[in-house]
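Asker: Provide a 3D model corresponding to the input given below.
(one chain, ligands or ions: 1)
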Amino acid sequence: MSPHILILGGTTEARELAAELTRRRPEIRVTTSLAGRVSRPGALAGEVRIGGFGGAEGLAEWLREHRVDAVVDATHPFAESITANAVRAAAASGLPVVVLRRPGWQPGPGDRWHPVADLAEAAEALPALGRRVLLTTGRLGLAAFAHLSRLHFVVRSVEPPEPPMPPDVEVLLARGPFTVADETALLREHRIDVVVTKDSGGVATSAKLTAARTAGVPVVVVRRPPLPDGVSAVPDVAGVLERLGRLERLGLSPGR
Ligand code: NAP
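Answerer: Okay, the predicted model is just below:
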């Protein structure tokens, strides 16, 4: 029976990994799992399943039922619960798990970054920093800013946000990647004087940081949640392939 790899997805890297694995080893069964948050997720190589598993126990059950040989957690750096579940379920099932975490962003000269622990702390920091906010932390979690009635929010998200949210909100529906020219125009057009972002890392959404630096606009950066204890992540798709290549049960030789 051919080996079966489950990729927990929802990121560009997960998409690239599915494409790379199916291209290199078409005989391997590759399934990508999506949470189902986005209505049109786009094409993925290999098989796709959508929706939660029902916690770590549900995921362990799914791994057994579908005879999975290895799990790759390639979810977003802020998708903390599914990563914890993946590590627990793999351990309970005696399966290897590889965690992919793209590196976080680093401030450079000229950046005016304000690192915060979470969205609540971001909301606390905002009134002292500006009045017109570009909020790019995703459509969920706007409740943390709902009490900030004196600020104007431009909320950019892939899907429409849901209440509770601040009273003065303008929604821009858009999906990255974004260019520096786009982001510079957006800051100017909406007279943005402060940006809020998660430290998502990667190039698809980093242009806003360059645009903010050039415009002298401060950026509130929400720090990443920690990885589960004892987990060491790889930074990219090549790192995942290298780790999978070391697993004899998969019969994947590196470099193919
Ligand atoms: P989360 O808080 O860690 O997960 C909440 C629950 O959603 C999990 O317990 C699990 O439900 C389900 N879930 C999450 N990812 C899943 C997946 N890939 N396949 C199946 N079930 C999944 O996750 P989140 O932050 O809501 O992120 C959800 C998805 O959006 C992930 O695929 C992530 O990569 C992607 N995403 C997240 C962000 C972000 O900022 N958080 C940004 C871009 C993309 P059960 O317990 O029922 O299994």
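Asker: Which positions in the stretch 51-200 of the chain make contact with the ligand?
Answerer: Residues of the stretch 51-200 of the chain found near the ligand (CB under 6 Å from any ligand atom) are 52-55, 58-59, 75-76, 78-82, 85, 138, 198. Bear in mind the C-beta positions are built from the backbone N, C-alpha and C, glycine included.
Asker: So Arg49 lies in a strand, does it not?
Answerer: Yes - checked against DSSP: H, G, I helix; E, B strand; the rest coil, Arg49 lies within a strand.
Asker: Disregarding flanking residues, what is the spatial nearest neighbour of it?
Answerer: Excluding its sequence neighbours, the residue lying closest to Arg49 (CB to CB, 6 or more residues apart in numbering) is Ser33, at 5.2 Å.
Asker: Packing partners of the helix or strand where the one you found lies?
Answerer: Take DSSP states H and E as the rule and Ser33 turns out to sit in strand 29-34. Applying 3 or more CB pairs under 8 Å, 6 or more residues apart in numbering; DSSP states H and E, one finds that strand 29-34 contacts strand 4-8, helix 12-24, strand 47-50.
Asker: Might one say that Pro218 is in contact with Val133?
Answerer: No - contact criterion CB atoms under 8 Å: Pro218 and Val133 do not qualify, at 10.5 Å.
Asker: got any residues that touch both of the two?
Answerer: Taking CB atoms under 8 Å, 6 or more residues apart in numbering as the contact rule, Pro218 and Val133 both touch Asp193, Val194, Val195.
Asker: So the first one sits against Val217, correct?
Answerer: Yes - at 6.1 Å, Asp193 and Val217 qualify as touching, with contact defined as CB under 8 Å.
Asker: Provide the backbone phi and psi angles at Val222.
Answerer: Dihedral angles of Val222 (phi, psi; degrees, to the nearest 10) stand at phi -80, psi 120.
Asker: what's the pLDDT at it?
Answerer: At Val222, the model reports a pLDDT of 98.
Asker: residues touching the residue nearest to it when sequence neighbours are not counted, list them.
Answerer: Leaving aside its chain neighbours, Val222 sits nearest to Lys198 (4.6 Å; criterion: CB to CB, 6+ apart). Contact partners of Lys198, counting by CB under 8 Å, 6+ apart, are Pro77, Phe78, Thr136, Thr137, Gly138, Val221, Val222, Arg224.
Asker: Check whether Leu250 really touches Ala70, as I assumed.
Answerer: Yes - contact criterion CB under 8 Å: Leu250 and Ala70 qualify, at 6.1 Å.
Asker: higher neighbour count, the two?
Answerer: Set Leu250 next to Ala70 and count neighbours by other CB atoms under 10 Å: Ala70 wins out with 23 against 19.
Asker: if we can go back for a sec, between the helices and strands packed on strand 29-34, which one is nearest to Ala120?
Answerer: strand 4-8 (26.8 Å; CB to CB).
Asker: ok, and does that closest one reach over to the ligand?
Answerer: Yes - residues of strand 4-8 contacting the ligand under CB under 6 Å from any ligand atom: Leu8.
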